[in-house]
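**Q** my questions are about this predicted structure, shown below with the sequence.
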Amino acid sequence: MGRIIAIANQKGGVGKTTTAINLAACLAKKGKKVLAIDMDPQGNMTSGLGVDKNSLEYSVYDMLNGDCNLGECMLIDVYPDIKGLNLLPASRELAGAEVEFVTVEDPQYILKNHIKNVRRKFDYIIIDCPPALGMLTVNALTAANTVLVPIQCEFFALDGLSQLIYTVNLIRKQLNRLLTIEGIVFTMYDSRTNLSMQVVDNVKQNLNQHIYNTIIPRNVRLAESPSYGMPIIAYDPRSAGAEHYMMLADEVIANDYYK
Ligand SMILES: Nc1ncnc2c1ncn2[C@@H]1O[C@H](COP(=O)(O)OP(=O)(O)OP(=O)(O)O)[C@@H](O)[C@H]1O
Ligand SMILES: [Mg+2]
């Protein structure tokens, strides 16, 4: 049974999508069958995997809306060099879901209901969330087993984190009894500055959550790769970014208590 991991933090630009793309790609590279789901109307995961979000026949929006099923929406082996990496792509229309789905009965369960039948076909389902705690993120958290929270190594890193943890607790109580926080991963760590080190220490002292040993460094190759529509292991497999996301994938696999 596939483990469903939502990559969430309502703070913008902390490395959610970079982590979602590269964790999904690294898990597939390690032979796992992966479904990546882009739940962000920005569609950065979709374009970061080389898919033109303006020329999609069906997107996650159509699936959630009931206009297509998961199979029709899924792009199989989306990145040709990495077998087993499949994608439910997003388009701009997904922005409308936040308001439109409120009128549907049980709107929090729409994504969950769509993926429950295919869960056994994948080892991992990785969901990229938008930078908000609205209906799209609630759908992701309701469908997920665990939440992986990227934190950027900069001032205000802890800002808003209590809100996220509060939301996760609320969803656990009301919608998804078994939801847990998979762990915190530090991103954009700059070893040349004291600030990065201080942020890591500060979070470790103040947050009673599992923290991954792997810390993702600030790496220019990681920032470049989405503009080529490539995961880092394809764009520059020898880069520090590729090496560290492979390490993170190993840690996620080691955390596999659902199997
Ligand atoms: N480790 C890294 N090193 C260098 N640049 C990075 C790294 N991680 C992310 N970036 C860059 O930082 C920016 C923000 O990253 P990303 O899009 O992954 O964040 P996000 O949390 O998904 O943002 P949003 O909240 O808008 O969805 C992007 O331009 C990305 O390429
Ligand atoms: Mg993003």
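**A** Nice, thanks for sending it over. Ligands and ions are numbered 1, 2, ... in the order given.
**Q** near ligand 2, which residues of the stretch 1-150 of the chain are found?
**A** 16-17, 44 (CB under 5 Å from the ion). (C-beta placed from N, C-alpha, C; glycine too.)
**Q** can you redo those as JSON lines with pLDDT, secondary structure and neighbour count?
**A** Below are those laid out as JSON lines (pLDDT from 0 to 100; DSSP: H, G, I helix; E, B strand; the rest coil; neighbours: other CB atoms under 10 Å):
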{"residue": "Lys16", "pLDDT": "98", "secondary structure": "helix", "neighbour count": "27"}
{"residue": "Thr17", "pLDDT": "98", "secondary structure": "helix", "neighbour count": "25"}
{"residue": "Asn44", "pLDDT": "98", "secondary structure": "helix", "neighbour count": "20"}
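**Q** and ligand 1, which of those residues reach it?
**A** Contacts with ligand 1 within these, as defined by CB under 6 Å from any ligand atom: 16-17, 44.
**Q** and which of these is nearest ligand 2?
**A** Nearest to ligand 2 among these is Thr17, at 3.2 Å by CB to the ion.
**Q** rewinding a little: out of the ones next to ligand 1 among the residues of the stretch 1-150 of the chain next to ligand 2, who's nearest Ile233?
**A** Taking CB to CB as the measure, Ile233 lies nearest Thr17 of these, at 15.7 Å.
**Q** that closest one and Asp40 touch, don't they?
**A** Yes. Using CB atoms under 8 Å, Thr17 is in contact with Asp40, at 7.0 Å.
**Q** which residues are in contact with each of those two?
**A** Asp128 (CB atoms under 8 Å, 6 or more residues apart in numbering).
**Q** flag every residue of the stretch 101-250 of the chain that's near ligand 1.
**A** 131, 187-188, 216, 218-219, 222-223, 226, 241.
**Q** could you rerun that using 8 Å?
**A** 128-131, 150, 152, 187-189, 216-220, 222-226, 241 (CB under 8 Å from any ligand atom).
**Q** just the buried members of the residues you listed?
**A** 128-131, 150, 152, 187-189, 216-219, 222, 225-226, 241 (16 or more other CB atoms under 10 Å).
**Q** sort out for me which of the residues you listed are in helices.
**A** Here DSSP state H is the test, and those give 222, 241 as lying in helices.
**Q** which ones among the buried ones among the residues of the stretch 101-250 of the chain next to ligand 1 are found in strands?
**A** 128, 150, 152, 187 (DSSP state E).
**Q** I'd say the second one and Lys16 touch.
**A** Meaning Pro150. Yes. The pair Pro150 / Lys16 is scored as a contact, 5.5 Å apart, by CB under 8 Å.
**Q** overlap of the contact sets of the two?
**A** By CB under 8 Å, 6+ apart, the residues touching both Pro150 and Lys16 are 7, 9.
**Q** now the strands for the stretch 101-250 of the chain?
**A** 124-128, 146-152, 180-187 (DSSP state E, counting those that start in this stretch).
**Q** same for the last one, what does it pack against?
**A** To tie it back to what came earlier, the one meant is strand 180-187. helix 16-29, strand 146-152, helix 161-174, helix 194-206 (3 or more CB pairs under 8 Å, 6 or more residues apart in numbering; DSSP states H and E).
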